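Chemist: Next come a sequence and a model predicted from it.
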Amino acid sequence: MSRTQLNVRVDEATAEAARQRAPQRGMSVNRCTEELVKQDAGTVGHAFVEAAGDFMEKYQAVFAEEFGPEREGAR
């Protein structure tokens, strides 16, 4: 995969937070920034959302039975 350089300007507090947080996560500031942008863009969370949708579809009847409208007064 080819790489593209991206220059970003942030305030000093944000830069310092990135410098401290990246090593805590075991990665460079560049990699940490890339991961955060991917998460924000939804590429990382997409698989989770799909799996959650599949789970809900599979167990919809169980949830409806347990928490359906007919049980509304039982709470």
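Modeler: Noted; the coordinates are in hand.
Chemist: tell me the contacts of the residue nearest the centre of the chain?
Modeler: Geometric centre of the chain, nearest residue: residue 45, 4.4 Å, by Cα atoms, centre = their mean. By Cβ atoms under 8 Å, 6 or more residues apart in numbering, the contact set of residue 45 is residue 39. Quick note: C-beta positions are derived from backbone N, CA and C, even for glycine.
Chemist: could we number from 547 for the rest of this?
Modeler: Renumbered: residue one is now 547, and that last one reads residue 591.
Chemist: Do you know the pLDDT at it?
Modeler: pLDDT, residue 591: 70.
Chemist: What distance do you get for it to residue 555?
Modeler: 27 Å (Cβ to Cβ, to the nearest Å).
Chemist: Repeat that for residue 594.
Modeler: 32 Å.
Chemist: Tell me which of the two has more neighbours.
Modeler: residue 594 (10 against 6; other Cβ atoms under 10 Å).
Chemist: Now do the helices in this structure.
Modeler: 558-570, 575-587, 591-604, 606-613 (DSSP state H).
Chemist: For stretch 565-575, measure first residue to last.
Modeler: One end of stretch 565-575 sits 6 Å from the other (Cα to Cα, to the nearest Å).
Chemist: ok, now stretch 581-597?
Modeler: Across stretch 581-597, first to last residue, Cα to Cα, it's 21 Å.
Chemist: next one: that stretch to chain centre, how far?
Modeler: Computed by Cα atoms, centre = their mean, to the nearest Å, the chain-centroid distance of stretch 581-597 equals 5 Å.
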